[in-house]
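Q: I need the structure of the sequence given here:
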Amino acid sequence: MAQRTSRLSGLLTPRPAVRPPVPSRPSPDPPPAAEPSDRVRAAADFAAAAALAVVALPVFFFCAVLVRITSRGPAVYTQARVGRGGRVFTLYKIRTMYRDSERHTGPRWCAPGDPRITPVGCVLRKLHLDELPQLWNVLKGDMSLIGPRPERPEIAARLRQSVQGYDRRHAVKPGITGFAQVHLPPDTCLRSVRNKLAYDLFYIRHRSARMTAYVLAATGLKLLGLKALYRRKPRVPTE
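A: Numbers count the residues shown, from 1 in each chain. Predicted structure coming up:
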């Protein structure tokens with residue numbers, strides 16, 4: 001036995017008595033801790049979303065049937081979106097595009113006259129009725145009625161590299177409507193993202209009951225096509 005050990009001694013590396021510590025993998029940042037004001041907002045969001053869902057239910061069913069009979073595919077579809085603290089959640093919307101419309105292009109923003117949008121979807125988008133299922137996201141606690149627009153993870157990853165401070169908008173829950181949404185059009189380029197980011201950060205810094213009432217009133221006026229009643233000369237708010 002001693003002879004066999006001596007032959008292998010030159011081939012084996014002796015194992016150290018104490019193993020070196022294994023470096024731990026960096027864990028993702030936890031979501032911001034909930035404050036008392038956040039719990040009050042969440043309760044108010046839940047109550048308002050529940051009331052709106054009851055009123056909007058017949059409209060939702062009508063839109064869902066209309067989508068089903070005019071194009072192939074489900075009436076409601078799901079998408080991954082980035083929420084508070086960078087956490088990814090599932091968002092629900094009424095389908096406004098043709099089925100598998102991004103199979104060859106991948107995730108990208110909509111453009112004016114986008115051929116992926118169905119005729120019925122164009123009307124639903126203009127009236128913002130495609131966003132009715134997001135009330136379920138509010139009831140689940142993934143979203144708020146008011147907040148920054150949630151972006152898709154693939155697009156958010158690119159914006160994080162190109163727009164300084166982009167992740168600061170994830171300090172609060174995303175919203176169905178918001179201060180940026182009622183003032184600016186949908187994102188189409190990096191410049192539009194930077195403009196919206198300024199409005200989102202302004203809202204986060206100054207959010208209050210007065211700001212909430214203003215955004216809700218502006219949202220109602222926007223749906224009625226009366227943006228001129230609240231929209232001032234375009235300017236980027238300062239923090």
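Q: which residues touch residue 96?
A: 67, 117-118, 120-122, 124-125, 130 (CB atoms under 8 Å, 6 or more residues apart in numbering). Yep, even glycine has a C-beta here, placed from its N, CA and C like the rest.
Q: can you check residue 211 too?
A: 179, 203 are the contacts of residue 211 under CB under 8 Å, 6+ apart.
Q: in this protein, which spans are strands?
A: Per DSSP state E, the chain has strands spanning 76-82, 88-94, 144-146, 175-177. These are given in chain order.
Q: pLDDT-wise, which helix or strand of this protein ranks last?
A: Using mean pLDDT, DSSP states H and E, the weakest-scoring helix or strand in the chain turns out to be helix 2-8, at a mean of 42.
Q: mind showing which ranges of this protein have poor pLDDT?
A: 1-36, 104, 232-239 (pLDDT under 70).
Q: Output the longest helix belonging to it.
A: helix 36-70 (DSSP state H).
Q: Please identify the buried residues of that one?
A: Within helix 36-70, the residues scored as buried using 16 or more other CB atoms under 10 Å are 41, 45-46, 49, 53, 56, 60, 63-64, 66-67.
Q: helices or strands next to it in the packing?
A: In terms of contacts (3 or more CB pairs under 8 Å, 6 or more residues apart in numbering; DSSP states H and E), helix 36-70 is packed against strand 88-94, helix 119-127, helix 134-140, strand 144-146.
Q: One more pass at 10 Å, please.
A: strand 76-82, strand 88-94, helix 119-127, helix 134-140, strand 144-146, strand 175-177, helix 209-223 (3 or more CB pairs under 10 Å, 6 or more residues apart in numbering; DSSP states H and E).
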